[in-house]
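**Student:** Have a look at this prediction, sequence included:
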Amino acid sequence: MAFREMRRCKQTLERTVVEDILRRGSSGVLAVLGDDAYPYAVPLSYVYADGKLYFHGAKEGHKIDAIRQHAKASFCVIDRDAVVPEEYTTYFRSVIAFGRMRILETDAEKRAAIEKLAVKYAPHDTAENRHAAIQREWAPLCMLEMTIDHLSGKEAIELVRAKHLSHS
């Protein structure tokens, strides 16, 4: 499938910036095709590693049912959202990924993914504490992987202009 070009191309973020936002972001919104073809969007913690996105959750529920029915999804991360009332605008920066979801089935895949997530959110914890925390939550744990088909980022035109002024 060919993905749409961004309409306001001057606001497009470079791939390196997009990936940096994904690496440092702490949460985003996963959108899947839910019940009766209604979009279902849910905020989630995540980790971006090896060009893929990983999420954790329960083994049952709306999100898992939707993914089992239709693997395509999108994931949005907001990096900046500064309301500027006097200009009636928002200085924003965000990323959206389109891809295919997969429920990780093997213990080895699940373990590798949850380790990445744990290191991201508790980078200074010991391996021993991390292992204990993972073991406590292992039985109900479901790990999801998004293979990214398309990735883009956009920022407010005011931020684009500010960058150009600083480089002049």
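**Tutor:** Arrived safely, thanks for sending.

**Student:** how many other residues sit next to Ala41?
**Tutor:** Using other C-beta atoms under 10 Å, Ala41 has 15 other residues around it. For every residue, glycine as well, the C-beta is placed using N, CA and C.

**Student:** could you give me the average pLDDT of the helix or strand where it lies?
**Tutor:** Taking DSSP states H and E as the criterion, Ala41 maps to strand 39-44. Mean pLDDT, computed over strand 39-44, is 97.

**Student:** how near is Arg102 to Glu109?
**Tutor:** Counting by C-beta to C-beta, to the nearest Å, the gap between Arg102 and Glu109 amounts to 9 Å.

**Student:** Would you mind listing the buried residues in the lengthiest helix in the chain?
**Tutor:** Counting by DSSP state H, the longest helix found in the chain is helix 107-121. Across helix 107-121, burial judged by 16 or more other C-beta atoms under 10 Å covers 110-111, 113-118, 120.

**Student:** Could you list the residues in contact with whichever helix or strand comes after it?
**Tutor:** Next in sequence after helix 107-121, counting helices and strands by DSSP H and E, comes helix 127-137. Contacts to helix 127-137, defined as C-beta atoms under 8 Å, 6 or more residues apart in numbering, come from residues 111, 114-115, 118-119, 122, 125, 141.

**Student:** how much space between Cys142 and Glu19?
**Tutor:** When Cys142 is compared with Glu19 (using C-beta to C-beta), they lie 26 Å apart.

**Student:** just to revisit the earlier point, so which residues make contact with the longest helix of the chain?
**Tutor:** 26, 45-47, 49, 54, 56, 104, 125, 130, 133-134, 141, 143, 145.

**Student:** Please spell out which residues along the helix or strand encompassing Ile64 are buried.
**Tutor:** Using DSSP H and E, Ile64 sits in helix 62-69. Neighbour-count burial for helix 62-69 flags 63-64, 66-67 (criterion: 16+ other C-beta under 10 Å).

**Student:** Put together JSON lines for those, with distance to Asp35 and pLDDT on each row.
**Tutor:** Formatted as JSON lines, those follow (distance: C-beta to C-beta, whole Å; pLDDT from 0 to 100):
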{"residue": "Lys63", "distance to Asp35": "11", "pLDDT": "96"}
{"residue": "Ile64", "distance to Asp35": "12", "pLDDT": "96"}
{"residue": "Ala66", "distance to Asp35": "8", "pLDDT": "97"}
{"residue": "Ile67", "distance to Asp35": "13", "pLDDT": "97"}
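
**Student:** quick one: which of those is nearest to Tyr40?
**Tutor:** Relative to Tyr40, the closest of the buried residues of helix 62-69 is Ala66; by C-beta to C-beta it sits at 5.6 Å.
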